[in-house]
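need a structure here:
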Amino acid sequence: MQLLMLILMPLVSGLIILMFRKAVIIRYIGLVSSLIILGTTVFIVWGPPSGEFSTSWIDILGIRFSLGLDGISKVMVLLTNLIFPFILLAGWNKEETHSSTLHALMLFTQAALIGVFTARNAFLFYIFWELTLIPVYFILLLWGGKNRKIITLKFFIYTLAGSLFLLFGIIFLYLQTPGTHSTEFSAFYQLSLPAKTQTWLFWVLFIGFAIKMPLFPFHTWQPPTYTMASTQGTMILAGVMSKMGIYGALRLLFPVIPIGVQFWQNTVIILGLTGVIYASVIAFRQSNLKMLIAYSSMAHISLMAASLFAWNNYALQGLLFQVLAHGITIVALFYLVYLIGEKTGTQELSGMGGLKIRTPRLAILFLLVVLGSIALPLTAGFIGEFLMIIGLYQQSVWFAIAGGTTMVLGAIYMLYAYQRIMLGEMNPVLQKAGDIEILDYVVLFPLIILILALGIYPQPVFNLIKDTVHSLPEILNTGVLP
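The predicted structure follows:
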């Protein structure tokens with residue numbers, strides 16, 4: 001019942017918000033509800049075992065409404081509910097048209113994301129998977145920037161196409177279950193599909209996950225969408241929704257078609273590492289700060305995808321830790337992009353320079369987040385990426401070298417961008433730029449503390465995932481998710 005309440009709380013809060021029109025009331029309702037959801041999540045994740053929730057739903061098709069929580073789900077739900085208060089705070093002082101609708105859509109997205117990460121039925125998982133798309137589509141379309149109609153349409157077509165592949169795969173697996181058929185994950189895990197079937201079914205399922213990450217070469221929707229989206233929309237996409245593909249692969253791909261995974265394992269690792277280098281090089285060539293951060297996010301997600309398919313204890317621990325670390329860091333980065341744009345009136349690097357003279361406090365906070373992004377030791381990013389590279393090394397030394405370029409190239413383009421924005425002679429047009437305000441501290445301080453705290457003492461997260469991670473590699477031998 002706790003898990004059902006976790007989904008219902010943001011849903012009900014969103015419906016309540018729709019009844020109000022005053023921006024102040026809407027913001028307080030949204031923020032208070034998100035903080036209550038976060039508190040509930042912390043209790044569920046680190047408290048007594050919450051068990052599963054299951055009830056009959058569509059009996060004629062053997063479909064139940066089943067929710068559950070394991071180590072993987074705990075990380076994903078924790079990430080979702082941890083960063084949503086900051087997403088809501090990011091628009092606190094902005095005057096938005098139809099503010100109640102925007103806040104309601106964000107809370108509906110949160111509810112759908114929690115549903116994705118707790119569903120224990122493939123049909124229910126797919127329903128929530130699609131439900132995340134609807135509110136985000138309207139957030140992009142109504143509150144996005146330049147060329148939002150065309151870019152949002154491309155985003156919608158890409159993700160819908162991936163969802164159709166996923167739906168076909170789920171239907172196929174449903175028909176393979178014995179007797180009256182079932183869409184329960186546990187029923188899928190008991191299947192023993194022929195090797196040839198697993199080989200082609202792998203891509204039917206994986207394409208949907210690869211588009212959502214996104215993984216090279218299914219990535220072309222991502223950079224323009226991140227750049228066009230509002231700050232809050234980009235935070236949702238980069239902070240949480242990009243992790244849905246990784247979660248889907250962990251939940252549905254590896255335990256159901258282990259032979260297919262083994263057959264295509266090196267292919268996907270190579271695609272992931274190609275994405276790391278490609279996105280990093282393109283990021284360095286960007287003149288727009290938000291586009292640069294978008295490609296940076298793609299590089300980090302690509303490394304996660306590669307380490308996922310390395311499939312050993314080091315890689316999996318690093319992956320799940322980095323899911324949390326990247327979500328926190330990228331939300332902070334996109335908030336800083338918004339702040340810098342507000343202070344300078346542009347996101348073009350050519351229009352910046354010497355900003356630290358007018359905004360010394362912003363320069364310090366920006367530097368701390370940048371150091372977390374480039375995986376400096378004693379930051380959260382270092383822990384995850386170091387473990388993922390060790391995991392890739394166990395697969396191949398060349399994979400580890402390619403994966404390590406994330407740190408090297410990331411340091412090059414992030415520090416270069418920092419230099420162009422903050423250092424050197426001040427651009428005369430920035431004479432009136434003001435430093436950060438109280439709200440900016442409220443958003444950035446907790447995120448930076450988390451980046452440093454997780455880098456200094458990561459053990460609580462490892463305690464959360466250790467039992468699940470140690471048993472995950474056995475999936476490729478047994479085909480059964482523990």
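
Past the longest helix along the chain, which element shows up next along the chain?
As assigned by DSSP state H, the longest helix anywhere in the chain is helix 313-344. Following helix 313-344 in sequence order, the next helix or strand is helix 360-373 (DSSP states H and E).

Outside of that next one itself, list whatever touches it.
296, 325, 329-330, 332-333, 336, 339-340, 343, 355-356, 379-381, 410, 414-415, 418, 421-422, 435-436, 440, 444, 447-448, 451-452, 455 (Cβ atoms under 8 Å, 6 or more residues apart in numbering). (Each C-beta comes from the backbone N, C-alpha and C, glycine too.)

And that helix, how far out from the chain middle?
Distance of helix 360-373 from the chain centroid (Cα atoms, centre = their mean, to the nearest Å) equals 22 Å.

how far off helix 313-344 does the very next helix or strand once past it point, in degrees?
Under the assignment DSSP H and E, the closest C-terminal helix or strand after helix 360-373 is helix 380-395. Orientation check (axes from the mean of the first three to the mean of the last three Cα atoms, to 10 degrees): helix 380-395 against helix 313-344 gives 140 degrees.

Quick check: buried residues in helix 380-395?
Buried residues in helix 380-395, counting neighbours by 16 or more other Cβ atoms under 10 Å, are found at 380-393, 395.

Could you list every helix and strand that it packs against?
helix 289-310, helix 313-344, helix 360-373, helix 397-422, helix 438-456 (3 or more Cβ pairs under 8 Å, 6 or more residues apart in numbering; DSSP states H and E).

mind redoing it with 10 Å?
Judged by 3 or more Cβ pairs under 10 Å, 6 or more residues apart in numbering; DSSP states H and E, helix 380-395 is in contact with helix 258-284, helix 289-310, helix 313-344, helix 360-373, helix 397-422, helix 438-456, helix 459-471.

what about that helix, distance to the chain center?
With Cα atoms, centre = their mean as the basis, helix 380-395 stands 18 Å off its chain's centre.

and the longest helix of the chain, what's its mean pLDDT?
Mean pLDDT, computed over helix 313-344, is 91.

Now that helix: buried residues?
Buried-residue list, helix 313-344, by 16+ other Cβ under 10 Å: 313-341, 343-344.

quick one, what contacts W143?
91, 94, 96-98, 101-102, 105, 229-233 (Cβ atoms under 10 Å, 6 or more residues apart in numbering).

Make a markdown table out of those residues and add distance to G404 and neighbour count.
Shown next, in a markdown table, are the contacts of W143 (distance: Cβ to Cβ, whole Å; neighbours: other Cβ atoms under 10 Å):
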| residue | distance to G404 | neighbour count |
| --- | --- | --- |
| G91 | 37 | 22 |
| K94 | 39 | 16 |
| E96 | 42 | 16 |
| T97 | 46 | 8 |
| H98 | 46 | 12 |
| T101 | 45 | 19 |
| L102 | 41 | 25 |
| L105 | 40 | 25 |
| A229 | 31 | 27 |
| S230 | 34 | 21 |
| T231 | 31 | 20 |
| Q232 | 33 | 27 |
| G233 | 32 | 29 |
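
Tell me which of these has the lowest pLDDT.
Lowest pLDDT within those is found at E96 (70).

So which of the contacts of W143 are in helices?
Using DSSP H to define helices, the subset of the contacts of W143 located there is 101-102, 105, 231-233.

nearest to R120, of those?
Within the ones in helices among the contacts of W143, proximity to R120 (Cβ to Cβ) peaks at L105, which comes in at 26.4 Å.

Run through the protein and note the low-pLDDT ranges.
Where the chain drops to pLDDT under 70, the residues are 23, 50-51, 470-482.

How is it divided into domains?
1-256, 273-476 (automatic domain parsing).

how far away is the nearest residue to I259 once chain neighbours are set aside from V24?
With Cβ to Cβ, 6 or more residues apart in numbering as the criterion, I259 has its nearest non-adjacent residue at 4.4 Å, and that residue is Q198. Separation of Q198 from V24 (Cβ to Cβ, to the nearest Å): 55 Å.

can you check F202 too?
From F202 to V24 the distance is 51 Å (Cβ to Cβ).

who has more neighbours, these two?
Under the criterion of other Cβ atoms under 10 Å, the comparison of F202 against V24 puts F202 first, with 24 against 10.

Skipping adjacent residues, who's closest to the more buried one in space?
Of all residues not flanking F202 in the chain, G260 sits nearest, at 3.4 Å (Cβ to Cβ, 6+ apart).

in terms of contact, does that neighbour touch T267 like I think?
No. With contact defined as Cβ atoms under 10 Å, G260 does not reach T267; the gap is 11.1 Å.

shared neighbours, these two?
Here G260 and T267 share the contacting residues 202-203, scored by Cβ under 10 Å, 6+ apart.

between those two, which one's more packed in?
The neighbour comparison of G260 against T267 (other Cβ under 10 Å) goes to G260, with 24 against 12.

tell me the contacts of the more buried one?
Here G260 is in contact with 193, 195-206, 253-254 (Cβ under 10 Å, 6+ apart).

and those, which are buried?
Applying 16+ other Cβ under 10 Å to those, the neighbour count classes 193, 198-199, 201-202, 204-206, 253-254 as buried.

show me the contacts for L271.
Contact analysis of L271 by Cβ under 10 Å, 6+ apart lists 210, 215-218, 264, 302, 305-306, 309.

mind checking how far the residue nearest to I259 is from N121?
22 Å.

Same check on G351?
According to Cβ to Cβ, G351 stands 51 Å off from N121.

swap in Y416?
As judged by Cβ to Cβ, Y416 and N121 stand 47 Å apart.

Of the two, give the one with the bigger neighbour count.
With neighbours defined as other Cβ under 10 Å, Y416 and N121 compare such that N121 has more, 25 against 14.

Chain neighbours aside, what residue packs nearest to that one?
S66 (4.5 Å).

Using the three-state scheme, assign the one you found.
strand (DSSP: H, G, I helix; E, B strand; the rest coil).

Test my guess that it contacts G115.
No. Counting by Cβ under 10 Å, S66 stays clear of G115, with 11.3 Å between them.

Could you pull out the residues contacting both of those two?
3, 124-125.

Just send those residues back as CSV, with neighbour count, secondary structure and distance to I246 too.
Compiled in CSV, the shared contacts of S66 and G115 are given as follows (neighbours: other Cβ atoms under 10 Å; DSSP: H, G, I helix; E, B strand; the rest coil; distance: Cβ to Cβ, whole Å):
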residue, neighbour count, secondary structure, distance to I246
L3, 24, helix, 21
L124, 23, helix, 19
F125, 24, helix, 14
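
closest to F86 among the residues you listed?
L3 (23.2 Å).

ok now do the nearest residue to the closest one once chain neighbours are set aside, which residues does it touch?
Sequence neighbours aside, L67 is the residue nearest to L3 in space, at 4.2 Å (criterion: Cβ to Cβ, 6+ apart). Neighbour list for L67: 1-4, 6-7, 50-55, 73, 114-115, 117-121, 124 [criterion: Cβ under 10 Å, 6+ apart].
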